[in-house]
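> Return atomic coordinates for the entry below.
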Amino acid sequence: MASEVRVNQIQNRSGLGTVTFSDSGVLIAGVTTVGILSATGNSVFSGSVTATTFSGALTGNATGLSGTPNITVGTISATSLNASGVVTATSFSGSGANVSGVSTFGNTIVGGGTTQLVVTGNARITGILTIGTGSITLDGSNNQLKVGTGVTITTNGIVGITSINSGQLGGSRNVIINGAMVVNQRGFTGSSGATASGAYTTDRFAISHSHDGAVSAGQTTMNSTVGGNAYADGFNSALHYRVTTADASLSSSQYASIVQGIEGFNVQGFKKGTANAQQYTLSFWVRSSLTGTYIAELYDADNTRQVSKSYTIDTANTWEKKTLTYPADTTGVFDNDNGASLYVNWWLAAGSNYTSGTLNTSWASNTSANRAVGQVNFLATAGNNFFLTGVQLEVGSTATEFERRSFPQELALCQRYFERMTGSGDNGPYAAFGTGYSTGTGGPVYVRFQSKRATPTITMGGTMRMLSSGVVGTSVSLQLDTYVSSSGNGYVNSTWSNSITAGQAMMLTANNDATAFMAASSEL
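Purely as a prediction, here's the structure:
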């Protein structure tokens, strides 16, 4: 039969531990080692409990933990969890809505998928917070917010923004005039273009050369077939430069280039020659039938300094966008006047006088041998074609969206340097108005051009005539005292074949000649 032993307390003979029994439970005191302790009620430990593992679910309140215990469990489900030491977990799940009292996160991922981290109070980040795959970072230690690789927001401002709503940031960034090649007052085309060195093609762009071949340059109109990616980027016109007679073997001093000169008033933003000198970024669309290395150069005419950068035509007859950044120059201030201060040169061919040195990629006093090192000979084959559009030169190290000015704005900028009044037949346009100076032949008529960079040179072409109260004069020719000031005001003194009466109104117009023109030029 079963037997029972009933005692109130069991004590170790050495006195190191006791087991006391009462109606409310069992109290184990001292140092006790057991294999398995299984309790169906509450277990209260007042000393140290050391175990390899705790198994089962921990529910209710775990209180009275002191020191710096390390607890490793699979899952903790608690209404309130207070930890003063280190909490390490493979993942935290739940909304995180009631997480409080956390002072430092080392490397913490909160939420996933469409969940959110919501902070209703203050939050301070002293390290770097990365959002998404790293495209947005918040750097608390350096006070920087970075978006992608281009835009940085700091306490000093915003750096690297390339566009607003995929458009330009503001006006007057581009110091190049007619970069989209839309203004073409001289009327040169790709099939019938300018040929002489120094001649202007599309407005503000000239060709410069010395070689034994022949070239032609003018405006071409683009479409989706001809324009490719440049047309898709919004450019409908380009400068077309073609080789009509080849020069496959250049002498040492021969060369060919496309150039735009920029007056001093327009380049002061680069702060050249000062401690605050700025970088230059040149961007453009280009297409060439000849692949290889090309050189784009900035030439400081005021201080005879220059810097060059190379670019590569990767694929023949394909529009490619190029961006080149040139360093700042703390030597040599640009003159603040209406003279030519900066030239932008697109080299197309260069003899050994320009290629025998080392390409000068930092500003330095001009050394001809370092200007165009590596340049291909675009003149080597008749029929080679080179196209250029979307040209922009701006302050800074970032190429921003092309600055698109309205056509009237672009035309007015071009007319500061060149203005052409053209005929359209018998009825105009009327180039000038005036009154007869005296009875007889000749007399001045007064003309009004746009304000010019400097006192312009006046030329006339085709057949012009004077009209005066029904009297038609023919064979009009300019006289030497014709004058137009830089303000655009002036007069045209002429000789014509019919007699007039003093005081009669006179008009200068085309004489049934659509090619007739009057032009005022003050190019750099």
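
> Tell me who's in contact with the nearest residue to residue 381 once chain neighbours are set aside.
Sequence neighbours aside, residue 246 is the residue nearest to residue 381 in space, at 5.5 Å (criterion: CB to CB, 6 or more residues apart in numbering). The C-beta positions use only the backbone N, C-alpha and C, and glycine is treated the same way. If a contact means CB atoms under 8 Å, 6 or more residues apart in numbering, then residue 246 has 213, 379-382 as its contacts.

> now swap in residue 216 and tell me
Residue 216 makes contacts with 190-195, 241-242, 244, as judged by CB under 8 Å, 6+ apart.

> and residue 405, how many neighbours does it have?
Neighbours of residue 405 under the rule other CB atoms under 10 Å: 19.

> quick one: it is in a strand?
No - looking at residue 405 with DSSP: H, G, I helix; E, B strand; the rest coil, it is coil, so not inside a strand.

> mind pulling up the phi and psi values for the closest residue to residue 221 other than its chain neighbours?
Nearest non-adjacent residue to residue 221, counting by CB to CB, 6+ apart: residue 237, 6.0 Å away. Residue 237 adopts backbone torsions of phi -130, psi 160, taken as degrees, to the nearest 10.

> Find the nearest non-adjacent residue to residue 417, please.
residue 523 (5.0 Å).

> Is it correct that that neighbour falls within a strand?
No - Residue 523 is assigned coil when assessed by three-state DSSP, not a strand.

> quick one: it from residue 198, how far?
According to CB to CB, to the nearest Å, residue 523 stands 9 Å off from residue 198.

> quick one on the thing from earlier: return the per-residue confidence for the residue nearest to residue 381.
At residue 246 the predicted local confidence, pLDDT, stands at 98.

> likewise residue 52?
For residue 52, the predicted pLDDT is 63.

> How about residue 507?
pLDDT, residue 507: 75.

> Please identify the helix or strand for it.
For residue 507, the enclosing helix or strand under DSSP states H and E is strand 505-510.

> Sheet-wise, list the partners of that strand with their directions.
The strands beside strand 505-510 in its sheet (DSSP bridges) come out as strand 430-435 (antiparallel), strand 464-468 (antiparallel).

> buried residues in that strand?
506, 508-510 (16 or more other CB atoms under 10 Å).

> Ok, stretch 182-194 next?
182-186, 188-190, 193-194.

> how close does residue 223 get to residue 139?
Per CB to CB, residue 223 is found 47 Å from residue 139.

> re earlier: any idea which of the buried residues of stretch 182-194 is least confident?
residue 190 (87).

> That one and residue 218 touch, don't they?
Yes - at 5.3 Å, residue 190 and residue 218 qualify as touching, with contact defined as CB atoms under 8 Å.

> quick one: common contacting residues for those two?
residue 240.

> gap between the nearest residue to residue 333 once chain neighbours are set aside and residue 366?
Spatial nearest neighbour of residue 333, chain neighbours left out: residue 273 (3.4 Å); criterion: CB to CB, 6+ apart. Using CB to CB, one gets 16 Å for the distance from residue 273 to residue 366.

> Include distance to residue 209 when you put the contacts of residue 216 into CSV, please.
Supplementary listing: those in CSV, determined by distance: CB to CB, whole Å:
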residue, distance to residue 209
190, 17
191, 19
192, 18
193, 13
194, 11
195, 10
241, 10
242, 13
244, 12
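
> Of these, which is the nearest to residue 484?
When the contacts of residue 216 are ranked by distance to residue 484 (CB to CB), residue 194 comes first, at 23.8 Å.

> what sits against the closest one?
The contact partners of residue 194, by CB under 8 Å, 6+ apart, come to 186, 188, 200-201, 207, 216-218.

> Identify the residues contacting stretch 322-331?
Residues from elsewhere that reach stretch 322-331 (CB under 8 Å, 6+ apart): 270-275, 277-286, 296, 298, 300, 303, 305, 307, 309, 311, 362-363, 397, 399.

> Between the two ends of stretch 296-309, what distance do you get?
Start and end residues of stretch 296-309 are separated by 6 Å (CA to CA, to the nearest Å).

> now stretch 273-293
Length of stretch 273-293, first residue to last, CA to CA: 30 Å.

> ok, now stretch 328-344?
Its start and end residues considered, stretch 328-344 measures 15 Å (CA to CA).

> Can you list the buried residues in it?
328-329, 333-335, 338-344.

> Same question for stretch 356-366.
Residues of stretch 356-366 classed as buried: 359-360, 363 (neighbour count, 16+ other CB under 10 Å).

> Mind listing residues that contact it?
For stretch 356-366, using CB under 8 Å, 6+ apart, the contacting residues are 295, 299-300, 304-310, 326-327, 329, 331, 367, 369-374.

> Only whichever of those residues are buried, select them in ChimeraX.
Listed next is the ChimeraX selection for buried residues among the contacts of stretch 356-366, using 16+ other CB under 10 Å:
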select :295,299,300,305,306,307,308,309,310,326,329,370,371,372,373
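
> quick one, helices of the protein?
224-232, 352-355, 407-415 (DSSP state H).

> Tell me how far the closest residue to residue 415 other than its chain neighbours lies from residue 522.
Of all residues not flanking residue 415 in the chain, residue 450 sits nearest, at 4.1 Å (CB to CB, 6+ apart). For residue 450, the distance to residue 522 equals 10 Å [CB to CB].

> the more surrounded of those two?
Taking other CB under 10 Å, residue 450 and residue 522 do not tie; residue 522 has more neighbours (20 against 17).

> Does the more buried one touch residue 419 like I think?
No - look at residue 522 against residue 419 with CB under 8 Å: they stay out of range, at 9.1 Å.

> Could you report the neighbour count for residue 23?
For residue 23, using other CB under 10 Å, the count is 4.

> Tell me how far it lies from residue 11.
20 Å.
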